[in-house]
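> Okay, here's the prediction I keep looking at, along with the sequence it came from:
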Amino acid sequence: MKVIYFDTETSGLDFLSCRIIELAMLIDDDGNITEYDEFINIDEDLPPKITEITGITDEMLITKGISEREVACDLKDNLTPGTLMIAHNCQFDLAFVYYLLKRHFPDEADDIVSGLDWIDTVTVLKDRKEFPHKLIDAVKHYGIDEVNFHRAIDDTKALYNVTQAMMDERSDLEEYINIFGYNPKWGVSGPRFDFIEYKRQYFNKGIVPSDYILPRK
């Protein structure tokens, strides 16, 4: 089975007007693990706040970045049907990946993303741990070594370790495939994808009994 743990750093929060500036993937293809980490030269200045958060500068994108087209081609090659995609707050990263693909492969983007399976570890974490639920909170909760957050490749490695800890903790991770929880107060952020089942998810004070996990509600 092919599993891709992935993370993006972006030029902002709007998936329509903003762009991915770094894409990282930890690709586990039947136990053979490879890393992918690329900056993307988006040909526009980054907001100072994004540089402050990520440490990524305009100069880094110009000197080290590759074109968005190249990244789109890499995604198309790697996102083969049946691949399991895992991200923390997956709805956000899925939206950005989808629109990147849509810009370069408008006739194929929908088939590419719908042919994959998706797990959102935030949704899982909300059934396992009290608030808060950021990746850094998951890392601390599961006792994972310190991580350099806000760089996509480091977040991806942390995500891999968090996912392994979740599997060791309880054997129901596969039940969360293609099920995303959302806060009823805020609704679903970004587009609703037909291949994802969106469910209202409220805060829990700790790990919930197996019969009450979100996929079984």
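Here it is on my side, so go on.

> And the spatially most central residue of the chain, how far from K64?
By Cα atoms, centre = their mean, the chain has its centre lying nearest to A87, at 2.8 Å. As judged by Cβ to Cβ, to the nearest Å, A87 and K64 stand 23 Å apart. The way it works is simple: take the backbone N, C-alpha and C, and place the C-beta from them, glycine included.

> Low-confidence ranges, this structure, go.
148-150 (pLDDT under 70).

> As a check, name the ranges of all helices in it.
Using DSSP state H, the helices of the chain run over 48-54, 58-64, 68-78, 90-104, 109-114, 121-126, 135-141, 152-169.

> Mind listing what's buried along the last one?
It stands for helix 152-169. 152-153, 155-163, 165-166 (16 or more other Cβ atoms under 10 Å).

> just the residues you listed now: which is nearest D30?
Y160 (15.5 Å; Cβ to Cβ).

> What residues does the closest one make contact with?
By Cβ atoms under 8 Å, 6 or more residues apart in numbering, the contact set of Y160 is 5, 26, 28.

> Give the bridge partners for the spatially closest residue to the first one that is not a sequence neighbour, please.
Closest residue in space to Y5, ignoring its immediate chain neighbours: L26 at 4.3 Å, by Cβ to Cβ, 6 or more residues apart in numbering. Bridge pairing for L26 (DSSP bridges) gives the partners Y5, E35.

> tally of neighbours for S67?
As a burial measure, S67 scores 14 neighbours (other Cβ atoms under 10 Å).

> same question, R192
Neighbours of R192 using other Cβ under 10 Å come to 11.

> right, and S210 touches E169 too?
No: using Cβ atoms under 8 Å, S210 makes no contact with E169, being 11.5 Å away.

> now Y176: how far from M1?
Counting by Cβ to Cβ, the gap from Y176 to M1 is 16 Å.

> picking up where we left off before, show me what contacts the residue nearest to the residue nearest to the centre of the chain when sequence neighbours are not counted?
Nearest-residue entry for A87: D93, 4.4 Å, with adjacent residues in sequence omitted and distances by Cβ to Cβ, 6+ apart. Counting by Cβ under 8 Å, 6+ apart, D93 touches 6-8, 87.

> Could you export the residues you listed as CSV, including distance to L79?
Output for the contacts of D93, formatted as CSV (distance: Cβ to Cβ, whole Å):
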residue, distance to L79
F6, 10
D7, 15
T8, 14
A87, 13
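
> Counting neighbours, which of those comes out on top?
Busiest of these [other Cβ under 10 Å] is D7, holding 27 neighbours.
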